[in-house]
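S.K.: this is a predicted model, with the sequence first.
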Amino acid sequence: MKIIEISENCAGKRLDTVLAEILKISRSQILELISSKKITPTKNKSYIVKVGDKFKYDETKTSYKPPTTKIPLLYSDNEIIVINKPARVATHPAKSWTGPDVWTSLIASGDLPKLENSPFKNEQINPKNPEPPGIVSRLDALTSGVLLLCKTPETYTKMMEAYKNHTDLEKRYLAVVEKHIKYPKGIINASIKRSLTHKFRFTIDDEGKKAITHYEVKSSFADCQLINIELTTGRTHQIRVHFSHLGHPVLGDIFYGASPNLAEKYQLNRIFLHSASLKITHPKTGKKMHFQAPLPDELQNSLEIIKQKL
């Protein structure tokens, strides 16, 4: 049993944010630990902690079977599968994630075969990066929308090349960012690197990987803007890091400096980031394909509230 005592530099913050920073795990995992009484005394996730507050953390490991959820399909054939990923679902299983994931859920539903029965069964998996094969790109757990996976090694190789070189490929996102960006249209060209001080955070660094984001303001409101985004590169947390760096974090993205008060004002319980569309050339047939996913209800509801605050 580990005792967590709230220090002065943590006081005044939300419970889930503080515990996620201390234990170096995601906020969704913190909610799981609270609901399963692995962290006591139980408090509401938005409880504002005070100096001297103490919490017990039961570190005892239990047998774990990844939960599954229904994944809406946009398209599927023998080569690729395109989905509309719900928020709060990871792209693939990971030690740091205890919620449902796309890969496990698609296997459970029969939309993907188990690895031992798939065309990837003889493929070597990198032990240092043992994620399931066929995953070309990822969406953060709290990001919803269009996501593509490959069903064969040949298709995977071709699509990886397309994503790497951005050939015959167009990825567009919708986001709401805080405040008003100085220029209504622009390009953010800033390299990204994993943070040296926080395991799950990324930061702008000239020594990092090249990252390019195109954006255009779609609508402006009282204290935020709805923007269209197109990615030239696909770095982890790219959109979130780039707009946080500009001083305009994605609404609801507390992890990268967004205001919890503003998210609460607009009844938003996740980051306002959605993969709206994907255009590709089919790796087998050469056919041009366009997939779209409408804003999920929770984001649409928040957007309606935002519009009313004008």
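M.R.: All right, it came through fine. Numbers count the residues shown, from 1 in each chain.

S.K.: lowest-confidence helix or strand of this structure?
M.R.: helix 27-35 (a mean of 81; mean pLDDT, DSSP states H and E).

S.K.: which non-adjacent residue is nearest the residue positioned nearest the centre of the chain?
M.R.: Nearest residue to the geometric centre of the chain (CA atoms, centre = their mean): Asp140, 1.5 Å. By the measure of CB to CB, 6 or more residues apart in numbering, the closest residue to Asp140 outside its immediate chain neighbours is His237, 6.8 Å from it. All C-beta spots, glycine's among them, are computed from the backbone N, C-alpha and C.

S.K.: quickly list the domain ranges of the protein.
M.R.: With domains defined by automatic domain parsing, the chain comprises 2-57, 73-308.

S.K.: follow-up on the earlier one: which strands and helices sit next to the least confident helix or strand of the chain?
M.R.: helix 15-23 (3 or more CB pairs under 8 Å, 6 or more residues apart in numbering; DSSP states H and E).

S.K.: relative to its centre, which residue of this structure is most distant?
M.R.: Centroid-distance maximum for the chain: Gly52 at 33.0 Å, with CA atoms, centre = their mean.

S.K.: and that residue, what pLDDT?
M.R.: According to the prediction, Gly52 has pLDDT 93.

S.K.: over to Thr62?
M.R.: 54.

S.K.: cool, the one 5 residues further on as well?
M.R.: At Pro67, the predicted lDDT confidence score is 89.

S.K.: buried residues in stretch 36-53, which are they?
M.R.: For stretch 36-53, the buried set under the neighbour-count rule, 16 or more other CB atoms under 10 Å, comprises 38-39, 43, 49, 53.

S.K.: closest one of the residues you listed to Val102?
M.R.: Lys38 (25.3 Å; CB to CB).

S.K.: tell me how many other residues surround the nearest residue to that closest one once chain neighbours are set aside.
M.R.: Closest residue to Lys38 apart from its sequence neighbours, by CB to CB, 6+ apart: Asp58 at 4.6 Å. Counted with other CB atoms under 10 Å, the neighbours of Asp58 add up to 14.

S.K.: and Asp58, its phi and psi?
M.R.: phi -80, psi 110 (degrees, to the nearest 10).

S.K.: likewise Ile48?
M.R.: Ile48 has phi and psi values of phi -90, psi 120 when expressed as degrees, to the nearest 10.

S.K.: that one: what's it in contact with?
M.R.: Applying CB atoms under 8 Å, 6 or more residues apart in numbering to Ile48 gives the contacts 12-15.

S.K.: out of these, flag the one nearest to His214.
M.R.: Arg14 (33.0 Å).

S.K.: if we can go back for a sec, what does the model give the residue nearest to Asp140 for pLDDT?
M.R.: 96.

S.K.: ok, back up a step: give me the buried entries from the contacts of Ile48.
M.R.: The buried subset of the contacts of Ile48 (16+ other CB under 10 Å) comprises 13-15.

S.K.: can you map out the strands along the chain?
M.R.: For the chain, the strands defined by DSSP state E occupy 2-5, 39-40, 54-57, 73-76, 80-85, 144-150, 169-178, 185-189, 192-194, 202-204, 212-220, 224-231, 273-281, 288-292.

S.K.: and these, which is most packed in?
M.R.: strand 144-150 (a mean of 25; mean count of other CB atoms under 10 Å).

S.K.: CA-only coordinates of that one in PDB, if you can.
M.R.: Written as PDB, here are the backbone C-alpha positions of strand 144-150 (Å, rounded to 0.1, in the frame of the first residue of the first chain):
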ATOM      1  CA  SER A 144     -12.400  10.100 -32.000                       C
ATOM      2  CA  GLY A 145     -12.900   9.600 -35.700                       C
ATOM      3  CA  VAL A 146     -11.600   7.900 -38.900                       C
ATOM      4  CA  LEU A 147      -8.800   5.300 -38.400                       C
ATOM      5  CA  LEU A 148      -7.400   2.800 -40.900                       C
ATOM      6  CA  LEU A 149      -5.900  -0.600 -40.200                       C
ATOM      7  CA  CYS A 150      -4.400  -3.100 -42.600                       C
END
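
S.K.: next, the angle strand 288-292 makes with it.
M.R.: 140 degrees (axes from the mean of the first three to the mean of the last three CA atoms, to 10 degrees).
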